[in-house]
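1. pasting the sequence and the predicted model now:
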Amino acid sequence: MDNLAFIRDTMEAAGAFTAVSGWGMVAVGIIATIAAVIASARQSAAQSLFVWLAAAVLAPMVMLWAIVRKARRAHVPLLSGPGRKFVLSFSPPMLVGALLTIVLYRAGLVATIPGMWLLLYGTAVVAGGAFSVKVVPVMGFFFMLAGTLALFTPQSWNDWIMAAAFGGLHIGFGIPIAWRHGG
């Protein structure tokens, strides 16, 4: 019995985190697209930032709900093996992004926040995606490219770059993930 438990634990730890929800990603993409439309109508970068912050609160809640739902449907434990590795790899860049948002806002560098968000989110997706389906780290790389673009283009482009990345990439990668990996 001990050997069977060891084999089961070893196989679980070696597997991929497949509870990433493609349909949850699509929902996040839709939230981001709506946020971009609203943010682009704002008068200042700070007002736009507050719209994106609201989306940054709502989107993870939707995604977490979708992941939990998919994991329960598939009878996959969320925080064991690959799921735990995914969370431990994904979380640090997200925490750094939250802290740097405060610092950059206080310093009056609001225009740099979208690029930083995209770069760190891409980093989180690449790192967490190492324990998920193979297309997830690829998506993270595209987020990093979008972040680089946002840092070196006019500030007026930021909402649309974020729409293309947080909206378009989530939808564009979410649909194939949903089709190929069960939702």
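-> Yep, it's here. Treat the numbers as computed from the prediction; the structure is a model and nothing was measured.
2. per-residue confidence for residue 15?
-> Looking at residue 15, its pLDDT is 50.
3. so how far is residue 161 from residue 143?
-> Distance of residue 143 to residue 161, given as C-beta to C-beta, to the nearest Å: 11 Å. Placement of C-beta: from N, CA and C, glycine included.
4. between those two, which contacts overlap?
-> Counting by C-beta atoms under 8 Å, 6 or more residues apart in numbering, the common neighbours of residue 143 and residue 161 are residue 118.
5. show me which of the two is the more surrounded one.
-> For residue 143 versus residue 161, neighbours defined as other C-beta atoms under 10 Å are more numerous around residue 143 (24 against 19).
6. can you pull the buried residues of stretch 25-33?
-> Residues of stretch 25-33 classed as buried: 25, 26, 27, 28, 29, 30, 31, 32, 33 (neighbour count, 16 or more other C-beta atoms under 10 Å).
7. got those as JSON lines, with pLDDT, distance to residue 101 and secondary structure columns?
-> Converted to JSON lines, those look like this (pLDDT from 0 to 100; distance: C-beta to C-beta, whole Å; DSSP: H, G, I helix; E, B strand; the rest coil):
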{"residue": "25", "pLDDT": "92", "distance to residue 101": "22", "secondary structure": "helix"}
{"residue": "26", "pLDDT": "95", "distance to residue 101": "25", "secondary structure": "helix"}
{"residue": "27", "pLDDT": "95", "distance to residue 101": "23", "secondary structure": "helix"}
{"residue": "28", "pLDDT": "95", "distance to residue 101": "18", "secondary structure": "helix"}
{"residue": "29", "pLDDT": "96", "distance to residue 101": "21", "secondary structure": "helix"}
{"residue": "30", "pLDDT": "96", "distance to residue 101": "23", "secondary structure": "helix"}
{"residue": "31", "pLDDT": "96", "distance to residue 101": "18", "secondary structure": "helix"}
{"residue": "32", "pLDDT": "95", "distance to residue 101": "16", "secondary structure": "helix"}
{"residue": "33", "pLDDT": "95", "distance to residue 101": "21", "secondary structure": "helix"}
